[in-house]
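# my questions are about this predicted structure, shown below with the sequence.
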Amino acid sequence: MSPQIVYEDNGFLVINKPSGLITHQKNINDKQPSVVDWVVENYPELKGTGEPFIASGKETARVGIVHRLDKDTSGLMIIAKNNEAFFYFKNLFQTRKIKKYYLALIHGRPKELKGIIISPLGRIGMKRTTKITGKRLIDKKEAETEYRTVRNFSGFTLLELKPLTGRTHQLRVHLNSIGHPVAGDPVYGFKKLTPPPKLNRLFLHAYKLEFIAPNGKALTLETDLPEELQKVLNMLE
């Protein structure tokens, strides 16, 4: 459950977060291991860096975490080592100057090999949705996801996804909305669909980041599919 360091310099580091590890606790009573815990243990000097997360009305630790990944999503995350780097990266995300790429195995095959899903996201309770009618809907936000087909399998398709906006659960909700949910998705998947053999988690991995670092260096950072996901693809061949 420990993240692996993919890149590090004096201003920031990039980790590869495993599936099953939350970014931060939901509240003070949440005892699940988290990325925050890992940072505090390995980089105690980062306490107080950046801005706090607000969970259940309470502030959580400030440890330089610039963005989040869902618990069940694995992949690359940026952690700033000082406030200058934190606000630099925050601005990059807000101005869409960081390119994020994911690999997702979906059920079925999209009509087009590539395209852009443009559908605003709302929230009903704790669940995100593209169905933006109804009195209970709150928190409507515009959302765009670019996709392209990487490989076709029998009953499944491996996609590369590039979110053009950064909404909560955006990729999972968008793929569900076009009838092709991510394999292994317990929340936004279709209950009648059978996941591939040996898949015991969400098949969604943040595998690549492209950005200009605070020192002006252009970086492209990539990580391989986790072994458990690669094994699933091997079995589908």
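Looks like it came in fine.
# just list the residues touching the closest residue to Asn152 other than its chain neighbours, thanks.
Once flanking residues are discounted, Asn152 sits nearest to Arg109: 6.3 Å by C-beta to C-beta, 6 or more residues apart in numbering. For every residue, glycine as well, the C-beta is placed using N, CA and C. By C-beta atoms under 8 Å, 6 or more residues apart in numbering, the residues touching Arg109 are Thr149, Asn152, Thr157, His180.
# make it 10 Å
Thr149, Asn152, Phe153, Ser154, Gly155, Phe156, Thr157, Leu159, His180 (C-beta atoms under 10 Å, 6 or more residues apart in numbering).
# again with Gln230
His205, Asp224.
# looks to me like it is in a strand.
No - in this structure, Gln230 is helix, not part of a strand, as judged by DSSP: H, G, I helix; E, B strand; the rest coil.
# now the helix ranked longest in the chain - C-alpha only, CSV.
Secondary structure of the chain per DSSP state H: the longest helix is helix 83-94. Provided in CSV are the C-alpha atoms of helix 83-94 (Å, rounded to 0.1, in the frame of the first residue of the first chain):
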residue,chain,number,x,y,z
ASN,A,83,4.4,26.7,-0.8
GLU,A,84,6.0,28.3,-3.9
ALA,A,85,5.8,25.0,-5.8
PHE,A,86,2.4,24.2,-4.4
PHE,A,87,0.8,27.4,-5.7
TYR,A,88,2.7,27.1,-9.0
PHE,A,89,1.1,23.7,-9.6
LYS,A,90,-2.3,24.8,-8.3
ASN,A,91,-2.2,27.5,-11.0
LEU,A,92,-1.2,25.0,-13.7
PHE,A,93,-4.1,22.8,-12.8
GLN,A,94,-6.6,25.7,-12.7
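# which residues are contacting that helix?
With C-beta under 10 Å, 6+ apart, helix 83-94 has contacts from 9-13, 46, 48-51, 62, 64-67, 78-80, 82, 97-100, 166, 211-215.
# in three-state terms, label the residue nearest to the spatial centre of the chain for me.
Among the residues of the chain, Leu69 comes closest to the average C-alpha position under C-alpha atoms, centre = their mean, at 3.8 Å. Here Leu69 is coil, with the state taken from three-state DSSP.
# from Val36, how far out is it?
13 Å (C-beta to C-beta, to the nearest Å).
# give me the common contacts of these two.
Once C-beta under 10 Å, 6+ apart is applied, the residues that Leu69 and Val36 both contact turn out to be Ile22, Thr23.
# find the nearest non-adjacent residue to Tyr7, please.
In space, Tyr7 is closest to Val14, 4.3 Å off (C-beta to C-beta, 6+ apart).
# Glu146 is in what secondary structure piece?
Using DSSP states H and E, Glu146 maps to strand 144-153.
# can I get that strand in CSV, CA atoms only?
These are the backbone C-alpha positions of strand 144-153, laid out as CSV (Å, rounded to 0.1, in the frame of the first residue of the first chain):
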residue,chain,number,x,y,z
GLU,A,144,-14.9,17.4,-20.9
THR,A,145,-13.0,14.1,-21.5
GLU,A,146,-11.0,13.2,-24.5
TYR,A,147,-10.5,9.6,-25.4
ARG,A,148,-8.8,7.3,-27.9
THR,A,149,-8.8,3.6,-28.5
VAL,A,150,-5.6,1.8,-27.6
ARG,A,151,-6.6,-1.8,-28.1
ASN,A,152,-9.7,-3.8,-28.6
PHE,A,153,-10.5,-7.1,-26.8
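# give me the mean pLDDT for it.
The pLDDT scores in strand 144-153 average 96.
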